[in-house]
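Asker: Show me the folded form of this:
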Amino acid sequence: MKFYSTLLLIFSLFGSALSSCTSPVTESVPYPPQKTGIVPIESDEYRLYQAVTETALDPASITRINNPRIALPNHIISHQTIDLNLDDDEYDEQLIVYKLREDPEDRIYLMVIDFDAIRSSFYLSWQGETSATNLRSFTVYTDDLIGNQLPEIVAFGLNQSGEQTLDSYGLIPSAPGYGIQYRNILSIQSDVSIEVSETQTLTGTKQVIANSRDLNSSNVLDMIQSKYAYDFQESRYILVDMVPISGSNIAEAQLAELYNSDVTTFTNYIRGPWYKITANQNEISPSLIRIIHFDPEQRNISFYRDTRTISFDWTGSTKSTYGGRLRVDIQNEVIPTISSVGWVTLRDLDTLEVSLSGTDKWTSLPQEWTGRYRRLNEAQRNEIIKENSYNTRLNVLNFSGLYSSPDGGELFFSYPSVTLRSADSIQRSGGYVVYDYRGNTILQIMILSENQTIESYESYQLQYEELETDTELIRRLLLQPIDLVSSGVVLDGDFIQRYEQRLEKNNNSSDPE
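Answerer: The predicted structure follows:
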């Protein structure tokens, strides 16, 4: 865990005489020097940004407005302005969240605009730099952290490394006329979490707790918990305790919570893709991998292998009061008579044990799907996408009805079912789907046996034509057998099967059936 030194604060004290006019004073206000570099220019994204803002003060005491009370130079981009009372006078101050237009570090800054009652003008009273860079995740609010009944500024955010950041600033007593001044009392970063404890200590202060990964441990769940407490002599937060937290203890606690959870919580946890563990557990090959994808929101479980995906409706789930075992009932989306019952057992936080049974040979083969699975992480997903990237989408072609071939063969479509009859009167039936794959229109047919189990698959490159004469409409299907591989479509021979449907025209419909 890295701890960074206190950030440099830029204090602006105004010694020169201020004009007595009522317009905002800007000419004598010092700003951070402009720096060279390239950052995104001011845009609508910046101006429209609104952070989630909390406050320990009365919400009625805070007002959000859209423009600063003083004119800002061009190299400062204001992203948020908040009216709030930071002291005990009758005038509100203004807190501004901003960035520098040319800041190589792209940091987020804060400034306080105070009101001078004698001169009846607003002026820049204080500026501070935070550790955060991401505006979308930036949150600033006030809270009495140290028990002095005064509002400290608290800013949470993310830096360029994706770490969480916390910067807090405490009021500095100042003489009348010098305006509100703040000092940095804590700046920390963490790659896991940072939180401010709502429980006050005996001194009336609040502790800050940061959890970070233990970089010296091989267990990715091992953490170091750091506690910070306010030191009145140092006038800042200091590190008071560092405690290692065993990842096994964390995992055991999370696993116990999941074991004790309801069906909804359990199914939400296993959502997403899981790959079957093979003999070589480090090898993730698209041509060999078996993936089960759980989608509780869409009530769907998909099985992936050899560039082929078959989806099942997730029709039911049953879980005992305690334990990591879930029963799932699934039904084939295309052929509802094909169903399976599965058992999913959570062995640890990233390992499932799956077993399936039922009438579907494709999913019930023990050597195919029964076994242990691990959660597919983002890096592995990217590798599979890189090696096996393709997009498919369902085709809207509708060619229902009877189609005949010159040699006497027949295809009868009634979505999602299809019946095939060869020239020698051998009849088969099953389901079909038409989709686009890498610039090809594909007709894929699932052949079912007499007991409604999947017998085989047939894939064809499909060309669909419509010809119209004065008396009839001719619909033609040209089918060429293919093999589907990760690189695309491979033709299986040169033979193209032709099927036609001829429809007589009448005056009542331009497309008679």
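Asker: how long is stretch 102-109 from one end to the other?
Answerer: Terminal residues of stretch 102-109 are spaced 13 Å apart (Cα to Cα, to the nearest Å).
Asker: I meant stretch 141-161, not that one.
Answerer: With Cα to Cα applied, stretch 141-161 spans 23 Å between its terminal residues.
Asker: quick check, Thr264 in a helix?
Answerer: Yes. Counting by DSSP: H, G, I helix; E, B strand; the rest coil, Thr264 is located in a helix.
Asker: Give me the neighbour count for the residue nearest to it when sequence neighbours are not counted.
Answerer: Of all residues not flanking Thr264 in the chain, Pro296 sits nearest, at 7.6 Å (Cβ to Cβ, 6 or more residues apart in numbering). Any C-beta I mention is one placed from the backbone N, CA and C, and that applies to glycine too. Neighbours of Pro296 under the rule other Cβ atoms under 10 Å: 18.
Asker: Kindly provide the distance from Pro296 to Ser137.
Answerer: 27 Å (Cβ to Cβ, to the nearest Å).
Asker: how close does the residue nearest to Thr264 get to Asp262?
Answerer: Taking Cβ to Cβ as the measure, Pro296 falls 12 Å from Asp262.
Asker: in the stretch 251-400 of the chain, which spans are helices?
Answerer: Listed in chain order, the helices of the stretch 251-400 of the chain (DSSP state H, counting those that start in this stretch) span 263-269, 361-364, 366-369, 378-387.
Asker: In terms of mean pLDDT, which of the ones you listed ranks lowest?
Answerer: Lowest mean pLDDT within the helices of the stretch 251-400 of the chain: helix 361-364, at a mean of 52.
Asker: wait, isn't the residue nearest to Thr264 in contact with Arg271?
Answerer: Yes. The criterion here is Cβ atoms under 8 Å, and Pro296 meets it with Arg271 at 5.5 Å.
Asker: Low-confidence bits of the stretch 101-250 of the chain, can you list those?
Answerer: The model of the stretch 101-250 of the chain has pLDDT under 70 over residues 175-177, 220.
Asker: List the contacts of Ile445.
Answerer: Neighbouring residues of Ile445 by Cβ atoms under 8 Å, 6 or more residues apart in numbering: 418, 420, 430-432, 457-460.
Asker: how about 10 Å then?
Answerer: For Ile445, the contact set (Cβ atoms under 10 Å, 6 or more residues apart in numbering) comprises 411, 418, 420, 428-433, 456-460, 479.
Asker: what about the closest residue in space to Leu145 that isn't next to it in sequence, how many neighbours?
Answerer: Among residues not flanking Leu145 along the chain, Glu152 sits closest, at 4.6 Å (Cβ to Cβ, 6+ apart). Around Glu152 there are 22 other residues, counting by other Cβ under 10 Å.
Asker: ok, now the one 4 residues further on?
Answerer: Using other Cβ under 10 Å, Phe156 has 22 neighbouring residues.
Asker: now swap in Thr201 and tell me
Answerer: Around Thr201 there are 12 other residues, counting by other Cβ under 10 Å.
Asker: can you check Val418 too?
Answerer: 20.
Asker: What residues are bridge-paired with it?
Answerer: With DSSP bridges as the criterion, Val418 is bridged to Phe413, Gly430.
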